[in-house]
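Visitor: My questions are about this predicted structure, shown below with the sequence.
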Amino acid sequence: MLNTSLIKARLNELGMTQADLAAAISVAVPTMCQKINNIRPLSLDEAEKIAKTLMIEDRDFGEYFFKS
């Protein structure tokens, strides 16, 4: 599961919106919202694109994308 609070905090740190993130990874804004809130599944490819867009370090990837 995606760590919603960390993703939202990172967006805030970078001054980005969920719409900005949706555009960056080429999905619709409602889809991005659903993925961030763990309503729709996130593919590994999407997770990698989000990590790149949000400048998440490789060592922190699991903390953002594999919340238990």
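Guide: All right, it came through fine. Numbers count the residues shown, from 1 in each chain.

Visitor: and whichever strand or helix holds Asn12, C-alpha only, in CSV?
Guide: Assigning secondary structure by DSSP states H and E places Asn12 in helix 4-13. Taking C-alpha atoms only, helix 4-13 is exported to CSV below (Å, rounded to 0.1, in the frame of the first residue of the first chain):
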residue,chain,number,x,y,z
THR,A,4,-0.6,8.4,1.6
SER,A,5,0.6,10.7,4.3
LEU,A,6,4.2,10.6,3.1
ILE,A,7,3.2,11.2,-0.5
LYS,A,8,1.0,14.1,0.4
ALA,A,9,3.7,15.6,2.6
ARG,A,10,6.2,15.3,-0.2
LEU,A,11,3.8,16.9,-2.7
ASN,A,12,3.4,19.8,-0.2
GLU,A,13,7.2,20.1,0.3
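
Visitor: quick one: average pLDDT of that helix?
Guide: For helix 4-13, mean pLDDT is 97.

Visitor: Just want the most central residue of this protein.
Guide: Here the mean C-alpha position of the chain is nearest to the C-alpha of Ile50 (CA atoms, centre = their mean), at a distance of 4.8 Å.

Visitor: three-state assignment of that residue?
Guide: Here Ile50 is recorded as helix under DSSP: H, G, I helix; E, B strand; the rest coil.

Visitor: Please shift the residue numbers so they start at 22 in all later answers.
Guide: Let's use 22 as the start, then, which means that last one is Ile71.

Visitor: re earlier: run through who's touching the helix holding Asn33.
Guide: Contact with helix 25-34 is made by 38-39, 41-42, 57-59, 71, 75, 77, 84-85, 88, as judged by CB atoms under 8 Å, 6 or more residues apart in numbering. For every residue, glycine as well, the C-beta is placed using N, CA and C.
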